[in-house]
Each structure stands twice: as C-alpha cells, then as structure tokens.
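Peer 1: Here's a sequence, model it:
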Amino acid sequence: MPDVIAEVRGRVGFITLNRARALNALSLAMIRDLTSTLQAWQDDPQVLAVAVRGMSREGPFGAFCAGGDIRFFHHAALAGDPELEDFFTEEYTLNHLVCKFPKPYIAFMDGVVMGGGMGISQGGSTRLVTERTKMAMPETHIGLFPDVGGGYFLSRCPGHAGEYLALTGYTLGGPDAVAMGLADGCVDSARLPLLWETLATTPFESSEAIEHWVATHFIAKSSHSTMGMAEIDAYFGLESVPAIIQALEAAPGDWAKGTAAVLRKRSPLMLHVVLEQIRRARAMGLADDLRMERDLVRHCFNTVHLGRRGASSETTEGVRALAVDKDHSPKWNPPRIEDVTPGMVAPFFVSPWPAHAHPLRALP
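Peer 2: Purely as a prediction, here's the structure:
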C-alpha cells in the first residue's frame with residue numbers, strides 16, 4: 001500500500017497517511033503526493049471538501065503524524081544530499097497550500113500530532129482533536145526550531161503561550177489544544193470512523209453544509225484549561241532566554257522548577273533562536289514567516305557563521321542523540337544557555353538568498 005492513500009468518495013476527497021510504522025512521519029515522496037493531490041482537488045468541482053487522517057498500527061485513526069522523517073534529515077545532512085533542501089522547500093510550500101486551500105480542509109488530529117503533522121493540519125479550516133490527541137512542537141529537543149509555519153501559528157496562541165510551547169515542546173491534550181487556538185473542536189475518538197464514513201456517503205450539496213455538519217459533532221468546550229496562563233505569561237513574557245531561566249530557577253513551586261529543568265535539556269543555541277523567531281513572527285503573515293523559517297532551517301544544517309555543518313550542526317547532533325544512536329545525550333554547542341551570545345543568534349535571521357532567488361519567493 002502507498003504511504004499516502006487518496007480517494008474521492010461522494011463529494012469529499014479523503015487522504016490517509018499510511019506510514020503507521022513511523023507514526024506517519026513525512027517523507028519527501030509523501031509531501032509530493034500530498035501536494036499533487038491537493039492541487040488536483042482544489043480545481044475539481046466534484047470535490048467539495050478534503051478530509052485528512054492518519055493510520056495507526058491498530059488501523060485507521062489513533063495516530064495523525066509525528067513530524068518529518070528526522071532519520072532522513074540525519075542521513076542527508078551527513079551525505080550532503082541536495083534532497084534535504086528540496087524537503088523543506090516543498091514541505092513549506094505544502095503548508096502554505098493547506099492554509100490557503102479554497103475548500104474546507106478537515107484534519108482529524110487523533111493521537112500524535114507533532115512537527116510536520118502540525119504543518120499539514122494547522123492551516124485547515126476545521127481541526128478536530130480527541131481525548132487521545134498529543135500535540136506538540138518539540139523541535140528544540142533535536143536542535144531545531146518549530147518550523148512548518150510554527151512561528152505563525154504558535155505566536156497567535158493566547159498571551160505568551162507561543163513562547164512556552166515553542167521553547168519547551170510541551171505536549172497538549174485535545175481540550176488544551178482548543179483553548180490555545182490550535183484546534184477547533186473536540187470529538188470522541190470512538191465516533192471518528194462513523195464521521196469519516198458519513199462524510200463519504202452523505203449527498204452534501206455545498207462545502208458550507210459539510211463544515212456545518214462536522215461542527216455539530218464537537219463536544220462542548222470546557223472553559224477551564226489545565227495550563228497555568230498567569231505563570232506562563234509571567235515567565236515567558238520576559239525579554240530573553242537567560243531572564244526566563246533565571247526567573248524559573250529562582251521561583252518556588254514544582255512547575256517552575258520542572259519547566260526550568262526541561263529548558264536546561266534543550267539546545268541552548270536554538271532556545272535563543274526560537275524566542276526570536278516567535279516574537280518576529282507575531283508581526284508576519286504566513287508567507288513571510290515561512291520564508292523566514294526556510295532561512296532558519298538552512299542555517300540550522302549549515303551554520304556557516306559558527307563554522308558548523310553536517311555532523312557538527314546542532315540539528316544533526318540533536319537527531320543523532322534522539323533517533324540514531326538513541327543515547328539521549330546530545331553534545332550541545334554552546335552547552336549552556338548563558339554561553340549563547342547575540343552574535344551567534346543574529347545571523348540565523350539573515351537570509352542566505354537574495355529576495356529574487358529565495359526558494360519560497362513565489363508564495364503570495
């Protein structure tokens with residue numbers, strides 16, 4: 001079976017990510033399949049809406065998409081494979097296509113939704129979560145940053161939750177995802193197969209009718225988030241990463257201490273880059289944010305201003321520690337938050353391309 005299953009049933013185009021053994025991590029081939037499918041359907045009058053789900057080891061649903069294929073990142077970075085550049089250019093183009101898609105795009109975000117999985121769901125017009133949803137942008141754990149438009153959608157979370165989620169990689173459940181504006185409604189996971197099948201067999205007459213029907217199945221929102229927004233805003237609204245970590249480590253209480261401990265395990269260099277990314281992105285549209293992120297990812301794997309590329313790059317080392325050698329002991333460089341200087345961070349935000357040659361120059 002292919003890794004992306006696309007079919008039109010009734011008036012709806014259905015996409016199933018079918019790489020369950022890898023939690024549907026996106027390969028370049030999958031990105032290309034998704035892009036060509038959506039491009040065909042956006043002009044197809046038979047297709048009134050698109051629905052996207054993931055396959056788990058147990059069958060449909062239960063896992064959406066764990067992100068990009070980070071093992072490929074590691075191998076390609078070491079081999080100097082030009083497809084690494086293609087991967088990010090084409091992935092970010094797909095993310096933009098999802099966000100600007102002219103028809104309802106319904107993302108069934110059941111189970112794991114991380115990294116690249118957020119990129120193919122956050123731009124959707126209807127984002128469903130369940131009691132099994134585990135949503136996060138944990139890229140600082142591998143020496144990367146929340147890409148795929150992460151700067152754009154995280155910076156638009158309430159208060160300074162965007163900084164918190166981007167820096168720590170905190171995992172949200174379904175209700176909190178709705179509270180953070182990263183999902184539109186919760187659905188009981190047991191109802192997903194029926195919803196999917198009913199979308200295929202109901203003779204809908206309009207796109208609006210489809211979206212309205214899906215929304216009638218949302219579980220009533222809880223007014224209570226499990227996240228402590230007062231604490232998040234107090235610490236993650238501070239001016240710099242050293243100020244945040246200093247305040248957390250000086251504060252009483254388990255939450256502050258635990259959060260500080262998490263940050264101490266993340267890439268110090270990328271924590272500084274990510275804080276700047278989120279704050280810049282608040283004033284950006286999606287296309288400009290994606291162009292910034294395309295610049296950032298080039299610098300992550302080819303950190304020329306620090307003389308680092310290939311195996312010595314922060315991202316390649318982070319992936320090695322997590323997914324290749326699995327020793328969970330990345331050798332971050334610099335090793336401490338306090339050792340990162342502004343001169344190390346600022347060049348990340350200088351584009352390696354002139355505007356007329358930028359890989360995403362055509363995004364409107």
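Peer 1: which residues of the stretch 51-200 of the chain fall in strands?
Peer 2: Secondary structure of the stretch 51-200 of the chain (DSSP state E, counting those that start in this stretch): strands at 59-60, 105-109, 112-114, 126-129, 134-136, 185-186.
Peer 1: Reformat these as TSV; add distance to residue 277 and mean pLDDT.
Peer 2: In short, each C-beta sits where N, CA and C put it, glycine included. TSV is the format used below for the strands of the stretch 51-200 of the chain (distance: least, CB to CB, whole Å; pLDDT from 0 to 100):
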stretch	distance to residue 277	mean pLDDT
strand 59-60	35	96
strand 105-109	23	98
strand 112-114	17	98
strand 126-129	22	98
strand 134-136	16	98
strand 185-186	28	96
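Peer 1: okay if I get those as a markdown table plus distance to residue 303 and mean neighbour count?
Peer 2: Below are those laid out as a markdown table (distance: least, CB to CB, whole Å; neighbours: other CB atoms under 10 Å):
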| stretch | distance to residue 303 | mean neighbour count |
| --- | --- | --- |
| strand 59-60 | 41 | 13 |
| strand 105-109 | 33 | 28 |
| strand 112-114 | 24 | 27 |
| strand 126-129 | 34 | 26 |
| strand 134-136 | 25 | 23 |
| strand 185-186 | 41 | 20 |
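Peer 1: could the ones you listed be laid out in TSV, adding distance to residue 314?
Peer 2: Formatted as TSV, these follow (distance: least, CB to CB, whole Å):
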stretch	distance to residue 314
strand 59-60	37
strand 105-109	29
strand 112-114	19
strand 126-129	31
strand 134-136	19
strand 185-186	36
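Peer 1: Distance check, residue 140 against residue 168.
Peer 2: Distance, residue 140 to residue 168, by CB to CB, to the nearest Å: 8 Å.
Peer 1: if we can go back for a sec, of the strands of the stretch 51-200 of the chain, give the one that comes closest to residue 275.
Peer 2: The minimum distance between residue 275 and the strands of the stretch 51-200 of the chain falls on strand 134-136, with 17.4 Å, by CB to CB.
Peer 1: Pull the residues that contact the closest one.
Peer 2: With CB atoms under 8 Å, 6 or more residues apart in numbering as the test, strand 134-136 has contacts from 109, 111-114, 118, 129, 165, 169-174, 177, 182-183.
Peer 1: at 7 Å instead, please
Peer 2: 109, 111, 112, 113, 114, 169, 170, 171, 172, 177, 182 (CB atoms under 7 Å, 6 or more residues apart in numbering).
Peer 1: where does that strand sit relative to the chain's centre, distance-wise?
Peer 2: 9 Å (CA atoms, centre = their mean, to the nearest Å).
Peer 1: before we move on, what about stretch 352-364?
Peer 2: Distance of stretch 352-364 from the chain centroid (CA atoms, centre = their mean) equals 22 Å.
Peer 1: do the same with stretch 90-102
Peer 2: Per CA atoms, centre = their mean, the centroid offset for stretch 90-102 relative to its chain is 13 Å.
Peer 1: for that stretch, which positions count as buried?
Peer 2: 90, 91, 92, 93, 94, 95, 96, 97, 98, 99, 101 (16 or more other CB atoms under 10 Å).
Peer 1: Please give me every residue in contact with the last one.
Peer 2: Read that as residue 101. For residue 101, the contacting residues are 38, 42, by CB under 7 Å, 6+ apart.
Peer 1: all helices for the stretch 101-250 of the chain, in order.
Peer 2: With helices called from DSSP state H, counting those that start in this stretch, the stretch 101-250 of the chain shows them at 116-119, 150-154, 161-168, 174-179, 192-201, 207-215, 229-236, 241-250.
Peer 1: list the helices and strands the fifth one packs on?
Peer 2: Right, helix 192-201. strand 12-17, strand 49-56 (3 or more CB pairs under 7 Å, 6 or more residues apart in numbering; DSSP states H and E).
Peer 1: hang on, the earlier thing: include distance to residue 145 when you put the contacts of strand 134-136 into CSV, please.
Peer 2: Formatted as CSV, the contacts of strand 134-136 follow (distance: CB to CB, whole Å):
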residue, distance to residue 145
109, 21
111, 24
112, 20
113, 18
114, 14
169, 11
170, 15
171, 17
172, 18
177, 20
182, 17
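Peer 1: Any regions of the stretch 101-250 of the chain where pLDDT drops low?
Peer 2: 222-224 (pLDDT under 70).
Peer 1: hmm, back to that, out of the helices and strands packed on helix 192-201, indicate the one that is most buried.
Peer 2: Highest mean neighbour count among these (mean count of other CB atoms under 10 Å): strand 49-56, with a mean of 25.
Peer 1: Tell me which other helices or strands that one touches.
Peer 2: strand 12-17, strand 105-109, helix 192-201.
Peer 1: switch the cut-off to 6 Å
Peer 2: Applying 3 or more CB pairs under 6 Å, 6 or more residues apart in numbering; DSSP states H and E, we find strand 49-56 packed against strand 12-17, strand 105-109.
Peer 1: Would you mind giving the ones you listed as CSV with distance to residue 86 added?
Peer 2: Output for the helices and strands packed on strand 49-56, formatted as CSV (distance: least, CB to CB, whole Å):
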stretch, distance to residue 86
strand 12-17, 20
strand 105-109, 24
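Peer 1: and of the ones you listed, who's closest to residue 259?
Peer 2: Of all these, strand 105-109 sits nearest to residue 259, with 24.9 Å by CB to CB.
Peer 1: So what touches the closest one?
Peer 2: Strand 105-109 has contacts (CB atoms under 6 Å, 6 or more residues apart in numbering) with 50-53, 64, 121, 124-129, 133, 214.
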